[in-house]
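Participant: coords below, sequence missing:
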């Protein structure tokens, strides 16, 4: 997909008309099309409405956030134009007319087709569904489904009949046309974020959560081994990009589907684990069975023919991540529920995403994340701190947001310190408390050395430091020191990822291989965090960038700037940390003259859910703040000097 502003500022090469831009898939399509050198015309009832324009812009910002990307609203609004059906101000030909039907709105496809004919569009593209086939199992060809036929619901029938209407009308009037049939669309593969409140997987997770509160057993008119064809939205975008680039070669009907698919049983098992439910499921073949999960109506075993290059789909482990993110949304535990999101530009012109809590009056506390990691890691701690403090954090430059062109010369610790300064200056904060985690501790220590007057107190949480080999290193750190410099070139990152993913799926029946080794090292005991920890291994570009960032961390001076730290410091280490060896925390505490050392049981990510760790951090910050309130005392059963 195009990088930010890589071509959007050039002279427009074509014009596209888009209907249904507010739908989940339509909005993601528009978001990526705004990065191209073309005119994006959005069909609406009232083109002059500022409300419609702002609502669409907000939707596109949500799309950007689902890729952990920062986007400027003022730039987005320049990339599309609202138009009415008359297209009175459009003098140039329309190359493509994309129609994304809205399931919640009744519409006449004939009106849309008449508009395409009236304006002599170059091609009409109708976005249907792979499940428009209705009650049919086995191999589903990329061809028009005959009528009459049986359907499970009104949506399937509407899509199938609309395909016939499109085909007949376009043939009659000589209009080039294409029909694309995505299966069940879920969020981006690189983030596993949800598919929105109207999405199938979110709706299923919510329905299962509600059932878990009400009953202990259910009956389903379905079979446990029947597969559910999920496709991540970024895979759909890649398919659509390929169709555009090849001028819709082949066709006119294309399945946008996955090759490997989880079963109904796997989906339910993941929901049980994530939501903590214990519902007994009885599977039947009887049409008379009242299906207590209507979303599972109509899942005969289907294999969709696909002429486009294969898209693998999601593994059982990856599906667990998707369900986890849906559950976070249900529980209001996402960064956007805890923080206000803001796009900032560092002094060298690199954008990054900053977050600020809803308490803007307390003493500031900045949470310095592990480089490349999502702000999700901070949501629980932030909730504990926000009653007392003004909490801020940010997601590091280049990763996880990889939509801007990467410069490996500007990814070292010093540039991350500059981003921290930008965060403080943009919020008019002269001095702050800092809580840092993993290699974010290196950013915090260097900031303390360069700006001692701006630091009030410091917490180093499971810090990853660049100490000499005489200080014991974890196996993970040893492997990273060997591996990351080797794959800090794009071609090597691509090769490495290809080797890692070789065993991701196996078997002729399209099912994930449960016994296969994980593609990336497992460094957390918390399954709800695994997809976040492994996010930097999702694409060659992400891995290439992350390898460069981590390699730069190994170039920091081994004195770790400790001579410059003069503020009260809490050092927290974990005896069972597989990432940052506990000896590193002990060593940093020995070097600091004003440090308190707390060693806890747990691993590198225990702080995410352990209330005792969060309370201890909050207590320390309050102790060294000007506030007089104190939190409930932290549990100290595992503390020792």
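Facilitator: That came through fine. Please read all numbers here as calculations on a predicted model, not as lab measurements.
Participant: please count neighbours and contacts with C-alpha atoms only from this point.
Facilitator: OK.
Participant: which stretches of the protein have low pLDDT?
Facilitator: 1-11, 90, 106, 288-289, 298, 506-522, 627-641 (pLDDT under 70).
Participant: pick out the residue nearest the middle of it.
Facilitator: The centroid of the chain falls nearest to residue 191 when counting by Cα atoms, centre = their mean (2.6 Å).
Participant: which helix or which strand is home to residue 139?
Facilitator: strand 138-140 (DSSP states H and E).
Participant: C-terminal to that strand, what's the next element?
Facilitator: Downstream of strand 138-140, the first helix or strand assigned by DSSP H and E is helix 154-173.
Participant: the strand holding residue 139 pairs with which strands?
Facilitator: strand 302-304 (parallel) (DSSP bridges).
Participant: tell me the contacts of residue 122?
Facilitator: 93-97, 175-176 (Cα atoms under 8 Å, 6 or more residues apart in numbering).
Participant: which single one of the residues you listed is nearest to residue 168?
Facilitator: When the contacts of residue 122 are compared for distance to residue 168 (Cα to Cα), residue 175 wins out at 10.2 Å.
Participant: so the closest one sits against residue 123, correct?
Facilitator: Yes. Here residue 175 reaches residue 123: they are 6.5 Å apart, a contact under Cα atoms under 8 Å.
Participant: which residues of the stretch 151-300 of the chain fall in helices?
Facilitator: Using DSSP state H, counting those that start in this stretch, the helices of the stretch 151-300 of the chain run over 154-173, 200-214, 233-245, 264-275.
Participant: among these, which is nearest residue 546?
Facilitator: Nearest to residue 546, of all those, is helix 233-245, at 20.3 Å by Cα to Cα.
Participant: tell me the buried residues in the closest one?
Facilitator: Within helix 233-245, the residues that count as buried by 16 or more other Cα atoms under 10 Å are 233-237, 239-241, 243.
Participant: now the residues you listed in JSON lines, with distance to residue 264?
Facilitator: JSON lines is the format used below for these (distance: Cα to Cα, whole Å):
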{"residue": "233", "distance to residue 264": "20"}
{"residue": "234", "distance to residue 264": "23"}
{"residue": "235", "distance to residue 264": "22"}
{"residue": "236", "distance to residue 264": "22"}
{"residue": "237", "distance to residue 264": "26"}
{"residue": "239", "distance to residue 264": "26"}
{"residue": "240", "distance to residue 264": "28"}
{"residue": "241", "distance to residue 264": "30"}
{"residue": "243", "distance to residue 264": "31"}
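Participant: going by distance to residue 32, which of those residues wins?
Facilitator: Distance ranking of the buried residues of helix 233-245 against residue 32, using Cα to Cα, places residue 237 first at 8.0 Å.
Participant: residue 549: neighbour count?
Facilitator: When neighbours are counted by other Cα atoms under 10 Å, residue 549 registers 25.
Participant: dump the residue contacts of the residue lying closest to it once chain neighbours are set aside.
Facilitator: Take residue 549 and drop its neighbours on the chain: the residue closest to it by Cα to Cα, 6 or more residues apart in numbering is residue 411, 5.6 Å away. Shown here is residue 411, whose contacts under the criterion Cα under 8 Å, 6+ apart are 397-398, 548-549, 552.
Participant: so residue 180 touches residue 127, yeah?
Facilitator: Yes. Residue 180 is within contact range of residue 127, at 5.1 Å (criterion: Cα under 8 Å).
Participant: and residue 40, how far from residue 240?
Facilitator: Look at residue 40 and residue 240: by Cα to Cα, to the nearest Å, they are 16 Å apart.
Participant: sorry, that was for residue 530
Facilitator: 30 Å.
Participant: how about the helices in the stretch 301-450 of the chain?
Facilitator: Using DSSP H, counting those that start in this stretch, helices in the stretch 301-450 of the chain cover 316-330, 335-338, 379-385, 413-426, 440-450.
Participant: quick check: buried residues in the second one?
Facilitator: Spelled out, it's helix 335-338. Neighbour counts over helix 335-338 (16+ other Cα under 10 Å) mark 335-336, 338 as buried.
Participant: before we move on, what about the longest one?
Facilitator: For helix 316-330, the neighbour count (16+ other Cα under 10 Å) marks 316, 318-329 as buried.
Participant: same thing with the fourth one?
Facilitator: Using 16+ other Cα under 10 Å as the test for burial, helix 413-426 gives 413-424.
Participant: cool, the third one as well?
Facilitator: Residues of helix 379-385 classed as buried: 379-385 (neighbour count, 16+ other Cα under 10 Å).
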